[in-house]
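# Based on what follows, work out the 3D shape:
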Amino acid sequence: MKKVRLERRIQKILINTMIPMAALLAVFLGIMAQYVASYDRLSENLAVSSNFNLHFKDDLDLEMYYIAVGTMEAKHLSEVMPLVDEAEETIGKLKGNTTNHESRRSLERLEGYMTNLRKRMPQLTEIETFDERIGFMDNNIRILTSLIVEEMQNFIYQESMYLVKMEGAMTRGVYIMVGGLAVLLTIMIAVLLRRSFRLSRDITRPVTEILANVREVGRGNFEIPEVQADSVEIEELDSGIRRMAERIQVLLENVKKEEEMQHLTQLQLLQAQVNPHFLYNTLDTIIWLIEGGMPDDAVEMISSLSVFFRTSLSKGNDIIPLSEEKRHTVSYLEIQQSRYRDILEFEIDIPEEFDGMMVPKLSIQPLAENAIYHGIKNKRGGGKILIEGEKDGEDLILRVTDNGKGMTAEHLEEIRRSIRTGERAGFGLAAVAERLRLYYGAGYGMEIRSQEGRGTVVEIRIGNKINLDNKKSN
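Take a look at the predicted model:
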């Protein structure tokens, strides 16, 4: 497909449309100019011939009469001849402006009459007797001037008829030309509209497709198709948008990876931080057991503490078998049970068939810790923590239930919001939920239910497949 610039296409449409229209208008104006020129010539001929008939006969007959009778007003013949010269000049001018055949024949006859008149006028002056001069005057001069006037009247009539005929022809011609021009103009407008609509369609269609691609980019879909267009500008616009989408996709992927690495690093730092109060209190308890003469209990607590730290390290692995996560949680609860012997009971009911399932480290222990410090510890009397596991399709549901203090509806909504947004305001719960989303993707994470005075239930959903990219970046 040949690519053309929009400016060039618009110019081509205008040129192909305006040039024929300008040519038609020029032809129309040319024909009208010819009609107007012919009309002007006829009008001028009528005016000149009419003015000639008003004065020529009377003036010439009077001057020749004066010469014939020999009155004091008589002029010399040479002074009268300019009237004939002027008349012949007028006839020649009319002949030059006349195109009608009949009118030209009248002018030719007038020229003959003027030639005879020019011959007869000197003959009048050569006659000696008065009566003969008067007779010659009546039979020659006045007859010729009458014939000249009559022939000029005939010329005026012929020109008038020709003028009427020309007016009719001009009117018909104008109607025909206007009708033809209207038809041609309609055709040109139809062609112009067709080309304009085609140009508009060729512009709006790809622009609409480009707009749809931009909306797809706005929705996060960067795999946009190429837009076919025969315009250089639109092709460049589409190419620029697709390059922009590719760059945005690459940038977002890089930002996402950087954020995931940053989150994992922050989460690992949180995981690596052992609550100093927990360590201090555990060591104090061990000392108190030894001083109290209970070395077996002290050894058991030291053993639990050793298991706790060994599982926390896990040889640097962030993904461990569920059996190790269970052992880690048990060691933690055993230590806490030694400290809170009178108020804490716990039970772990996770089928052994799930022991080989790989889970993120510290997925259960923070939930048990949260149940102790924000549930059971703030409750009067003894409390119990129940940790369960059950299959849900391809996923595993781990549930930590306590019968502690519970939460108000407002506090529960605050915790749920922190879990959704990843804020660090959920006593470690948000960190666990965020790690689950990073490793398993959307749809996985944490749900929490609580009722004030009755306890709290925290469930986490673990998938069968882990995002190993995060593991490697870790």
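
# And Glu459, which helix or strand is it part of?
Under the criterion of DSSP states H and E, Glu459 resides in strand 455-462.

# Report the distance from that strand to the chain centre.
Chain-centre distance of strand 455-462: 51 Å, with Cα atoms, centre = their mean, to the nearest Å.

# Can you give me the buried ones in it?
Gly455, Thr456, Val457, Val458, Glu459, Ile460, Arg461, Ile462 (16 or more other Cβ atoms under 10 Å). C-beta coordinates here come from the backbone N, C-alpha and C atoms, glycine included.

# Hmm, Tyr444 and the last one touching each other?
Looking back up the chat, that one is Ile462. Yes: counting by Cβ atoms under 8 Å, Ile462 does reach Tyr444; the two are 7.1 Å apart.

# what residues are shared contacts of these two?
The overlap between the contact sets of Ile462 and Tyr444 (Cβ atoms under 8 Å, 6 or more residues apart in numbering) consists of Asp395, Leu436.

# Enumerate every residue touching Asn53.
Val149, Met152, Gln153, Ile156.

# Doesn't it lie inside a helix?
Yes: according to DSSP: H, G, I helix; E, B strand; the rest coil, Asn53 belongs to a helix.

# Now Arg205: which helix or strand?
helix 142-218.

# go on, Ala74?
Using DSSP H and E, Ala74 falls outside every helix and strand.

# ok, now which ones touch it?
So Ala74 contacts Tyr66, Ile67 (Cβ under 8 Å, 6+ apart).

# quick one: it and Met301, what's the gap?
For Ala74, the distance to Met301 (Cβ to Cβ, to the nearest Å) stands at 169 Å.

# likewise Arg104?
144 Å.

# and if you look at Val432?
The gap separating Val432 from Met301 is 26 Å, by Cβ to Cβ.

# Which one's more surrounded, the two?
More crowded of Val432 and Met301, by other Cβ atoms under 10 Å: Val432, with 26 against 23.

# Return the residues in contact with that one.
Leu362, Ser363, Pro366, Leu367, Met446, Ile460.

# just checking, which of the residues you listed belong to strands?
Among the contacts of Val432, the ones falling in strands (DSSP state E) are Met446, Ile460.

# Go ahead and confirm Phe28 touches Leu181.
Yes: the pair Phe28 / Leu181 is scored as a contact, 5.7 Å apart, by Cβ under 8 Å.

# how about the strands in the stretch 251-400 of the chain?
Counting by DSSP state E, counting those that start in this stretch, the stretch 251-400 of the chain has strands at residues 319-321, 344-349, 358-360, 383-392, 395-402.

# right, so of the ones you listed, which gets closest to Ser50?
strand 395-402 (116.7 Å; Cβ to Cβ).

# What are the buried residues along the closest one?
Buried positions in strand 395-402, judged by neighbour count with 16+ other Cβ under 10 Å: Leu396, Leu398, Arg399, Val400, Thr401, Asp402.

# ok, and what's touching it?
Applying Cβ under 8 Å, 6+ apart, the external contacts of strand 395-402 come out as 322, 350, 354, 357, 363-364, 367-368, 371-372, 375-376, 383-391, 444, 455-464.

# Separate out the buried members of those residues.
322, 350, 354, 357, 363-364, 367-368, 371-372, 375-376, 383-389, 444, 455-463.

# Skipping its backbone neighbours, what lies nearest the residue nearest the centre of the chain in space?
The residue lying closest to the centre of the chain (Cα atoms, centre = their mean) is Val207, at 5.7 Å. Nearest residue to Val207, sequence neighbours excluded (Cβ to Cβ, 6 or more residues apart in numbering): Ile234, at 6.8 Å.

# and Ser338, what is it in contact with?
Thr285, Leu289, Asp297, Glu300, Met301, Ser304.

# will you turn those residues into TSV that also has distance to Thr90 and pLDDT?
Shown next, in TSV, are the contacts of Ser338 (distance: Cβ to Cβ, whole Å; pLDDT from 0 to 100):
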residue	distance to Thr90	pLDDT
Thr285	146	76
Leu289	152	74
Asp297	153	75
Glu300	150	79
Met301	147	76
Ser304	143	78
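
# which one of those residues is nearest Thr408?
Thr285 (32.6 Å).

# Could you check how far that closest one is from Val432?
For Thr285, the distance to Val432 - Cβ to Cβ - is 26 Å.

# Also Ala33?
96 Å.

# what's the answer for Lys75, then?
For Lys75, the distance to Val432 - Cβ to Cβ - is 140 Å.

# still on that earlier bit, show me what the helix holding Arg205 packs onto, helices and strands only.
helix 6-69, helix 101-126, helix 232-272 (3 or more Cβ pairs under 8 Å, 6 or more residues apart in numbering; DSSP states H and E).

# How about the contacts made by Gly393?
No contacts exist for Gly393 under Cβ under 8 Å, 6+ apart.

# again with Leu147
Leu147 sits in contact with Tyr113, where contact means Cβ under 8 Å, 6+ apart.

# Next one: it, what pLDDT does it get?
Note on Leu147: pLDDT of 92.

# Tell me if I'm right that Ile290 and Ala298 touch.
Yes: using Cβ under 8 Å, Ile290 makes contact with Ala298 at a distance of 4.8 Å.

# More neighbours: the two, which one.
Ala298 (19 against 15).

# list the contacts for that one?
Ile286, Leu289, Ile290.

# Look at the nearest residue to Leu185 once chain neighbours are set aside and report its pLDDT.
Spatial nearest neighbour of Leu185, chain neighbours left out: Met21 (6.9 Å); criterion: Cβ to Cβ, 6+ apart. pLDDT, Met21: 75.
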